[in-house]
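In: Can you look at this prediction? I've put the sequence above it.
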Amino acid sequence: MKKVLLGVLIIIVIGLVSAPFISGLIVENTLYNQLDHLNARYADHPFAPKIVITRYDRGFSSSEIEWTMVLPDLQGVEGISPLVFVEKVKHGYLGASSTTSLDRNGWYHDFVSKELDGKDPLTISTEYQLLSGGTVTMSVEPFELVDSQDTHLSIKPAKLVVKCDRNIDNIETDGIFEGFIVADVVEVKNISLHSNMQQTSSLFMAGTSSYGIEQIAVNGPEPVIVSDLKGRSAIGFDETTRNMSVKSEVSVAQITTGEDKIADLRLDMGVNHLDAAAFENFYRVYVEVLSDAMANLATVQGNPEQAKAMMQQQMAFAGMRLAGEFEKLLKKDLQITIDKLHVTLPQGEIDGNFALGLKKDLSMVDFIALGQQPQMIVDQFAFASNLSLPDGLIANQNPLLVPVIPGMQGGFFEQSGDKLVHKAEIKDRKLLLNGKELVLSRQ
């Protein structure tokens, strides 16, 4: 019995002693696999960074890793150097922890030495959990820069935390930046952000993200203060229909400019039933065209006239290529909405909403036909819009209240008490403007 216990004790001791070495092996294998996975996922993205491990020195209880990140297409035009990260890893029992430095980059080393008196404000630390994923924390200590004109830039503390699973398919991000001051002219206070995203394809991540800025202040003869700016977006993906939906919300509590004040500004927008495959293809063609343009521009660096002529040629070519791909996005049920528009002004409140959808697939030929027969829009589109404005907000508002094109039985707006109101919709194959049919005809 004593021999059995002794054997078990020896095995436990050996396991504890060798655990850091085994963790180091697992971390190395995991990192190489994750890197291969990421580079394969974004292989067709010319502007995605290409990351390689250029050196991996693994020891018993610690390792040193050198990472190199290259932006191939931008490097050809701008001469951007590869970015080098040196990561020092300490092996643990169930994972590892590390710190990462940018000191191997000459430009960064010189910046810290000359501009910050050798004090590096950036700290990057990583926790690798062998079973669940990893967490990267980037922190910036406050620092100040002064240029040759004695202009001061003060950077306040910042922190960004990124968590991901082992396959980097689920990424959660939290950040806080206390703000910055530029020459006592511009001050931004307390920026925060959060996102929780899941990879759905090589292009798309579904989930939610949000940001907030406590205050933006611009000093001067007419000071401007923006208070409590918030934004939120949500991207959804339907596995059955292979459609995407995107919703974006922006709000501002108050904007003051001298004596004037705008309050409670809200704007909610959305895109629904967007064909994901068509959008992916549109994006791929777009980046391909842009990549070709960047490569061609790189051949005429230093010659502004040739660069301008080539850019014009490339833009014309890009327009033709992208038009065909854009057509594939115009599928039945595609919808663009402004779900809410609200602003409180000294003169009163502005409120509105808008929705435009497709009843059937739309082609470029259909657009040409609409130019010849505009009344066809009632068969092609679903449409509704509402808007109310304070009476007197627009100095010369009479043109809004009377017919201005043939077929109108009234103005774009009607007077309703102290409001100007607008309502338009397609209903029963008729385009109605403020309840009266608007008959469209070719001009």
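Out: Perfect, thanks for sending it. Everything numeric in this text was worked out from a predicted model, so none of it was measured. Numbering: from 1, shown residues only.

In: show me where the stretch 101-250 of the chain has strands.
Out: In the stretch 101-250 of the chain, the strands defined using DSSP state E, counting those that start in this stretch lie at 122-129, 133-140, 143-146, 152-155, 158-164, 170-182, 186-199, 205-218, 224-238, 243-257.

In: next helix or strand past the helix or strand bottoming out on mean pLDDT in the chain?
Out: The weakest-scoring helix or strand in the chain, judged by mean pLDDT, DSSP states H and E, is helix 72-78 (a mean of 55). Counting by DSSP states H and E, the next helix or strand C-terminal to helix 72-78 is strand 83-91.

In: so what secondary structure elements neighbour that following strand?
Out: Helices and strands touching strand 83-91, by 3 or more Cβ pairs under 8 Å, 6 or more residues apart in numbering; DSSP states H and E, are helix 2-41, strand 62-70, strand 95-101, strand 122-129. From N, CA and C alone the C-beta is placed, and that goes for glycine too.

In: shaky segments in the protein?
Out: Within the chain, the stretches with pLDDT under 70 are 1-21, 44, 46-47, 72-80, 298, 300-302, 442-443.

In: thinking again about what came up before, just put the strands of the stretch 101-250 of the chain in CSV and tack on mean neighbour count.
Out: Formatted as CSV, those follow (neighbours: other Cβ atoms under 10 Å):
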stretch, mean neighbour count
strand 122-129, 16
strand 133-140, 17
strand 143-146, 14
strand 152-155, 15
strand 158-164, 17
strand 170-182, 16
strand 186-199, 17
strand 205-218, 17
strand 224-238, 16
strand 243-257, 17
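
In: for those, which one sits closest to Gly59?
Out: In terms of Cβ to Cβ, the element of those nearest to Gly59 is strand 122-129, at 15.8 Å.

In: can you list the strands of the stretch 101-250 of the chain in CSV and add distance to Met320?
Out: Listed next are the strands of the stretch 101-250 of the chain as CSV, based on distance: least, Cβ to Cβ, whole Å:
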stretch, distance to Met320
strand 122-129, 45
strand 133-140, 43
strand 143-146, 46
strand 152-155, 44
strand 158-164, 40
strand 170-182, 37
strand 186-199, 33
strand 205-218, 31
strand 224-238, 30
strand 243-257, 26
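
In: Tell me which of those strands lies nearest to Gly392.
Out: Minimum separation from Gly392 across the strands of the stretch 101-250 of the chain (Cβ to Cβ) falls at strand 243-257, 19.9 Å.

In: Starting from the closest one, tell me which strands it pairs with and how they run.
Out: Strand 243-257 has its sheet partners listed here by DSSP bridges as strand 224-238 (antiparallel), strand 260-275 (antiparallel).

In: Sort out which residues of the longest one are buried, please.
Out: Of the residues in strand 260-275, those scored as buried under the neighbour-count criterion (16 or more other Cβ atoms under 10 Å) are 262-263, 265-275.

In: quick one on the thing from earlier: nearest to Gly410, of the strands of the stretch 101-250 of the chain?
Out: Counting by Cβ to Cβ, and looking across all of these, nearest comes strand 243-257 at 32.7 Å.

In: Kindly export the closest one (C-alpha atoms) in PDB.
Out: Extracted C-alpha coordinates of strand 243-257, given in PDB (Å, rounded to 0.1, in the frame of the first residue of the first chain):
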ATOM      1  CA  ASN A 243     -29.800  36.800 -45.300                       C
ATOM      2  CA  MET A 244     -28.300  39.600 -43.200                       C
ATOM      3  CA  SER A 245     -29.900  42.300 -41.200                       C
ATOM      4  CA  VAL A 246     -28.100  45.400 -39.900                       C
ATOM      5  CA  LYS A 247     -29.500  47.900 -37.400                       C
ATOM      6  CA  SER A 248     -27.700  51.000 -36.200                       C
ATOM      7  CA  GLU A 249     -28.800  53.500 -33.500                       C
ATOM      8  CA  VAL A 250     -27.200  56.900 -32.800                       C
ATOM      9  CA  SER A 251     -28.200  59.400 -30.100                       C
ATOM     10  CA  VAL A 252     -27.000  62.600 -28.700                       C
ATOM     11  CA  ALA A 253     -28.300  64.100 -25.500                       C
ATOM     12  CA  GLN A 254     -27.500  67.700 -26.300                       C
ATOM     13  CA  ILE A 255     -25.500  69.900 -28.800                       C
ATOM     14  CA  THR A 256     -24.900  73.500 -27.800                       C
ATOM     15  CA  THR A 257     -23.400  76.100 -30.100                       C
END
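
In: returning to what we had before: for the strands paired with strand 243-257, could you give me a markdown table that also reports distance to Asp36?
Out: Shown next, in a markdown table, are the strands paired with strand 243-257 (distance: least, Cβ to Cβ, whole Å):
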| stretch | distance to Asp36 |
| --- | --- |
| strand 224-238 | 25 |
| strand 260-275 | 30 |
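
In: Indicate which one of those is closest to Arg429.
Out: strand 260-275 (21.7 Å).

In: ok now that closest one, how far from the chain's centre?
Out: Remark: strand 260-275 is offset 16 Å from the chain centroid, using Cα atoms, centre = their mean, to the nearest Å.

In: Let me see the contact set for the residue nearest to Gly236 when sequence neighbours are not counted.
Out: Of all residues not flanking Gly236 in the chain, Ser245 sits nearest, at 4.3 Å (Cβ to Cβ, 6 or more residues apart in numbering). Contact analysis of Ser245 by Cβ atoms under 8 Å, 6 or more residues apart in numbering lists 234-238, 270-274.
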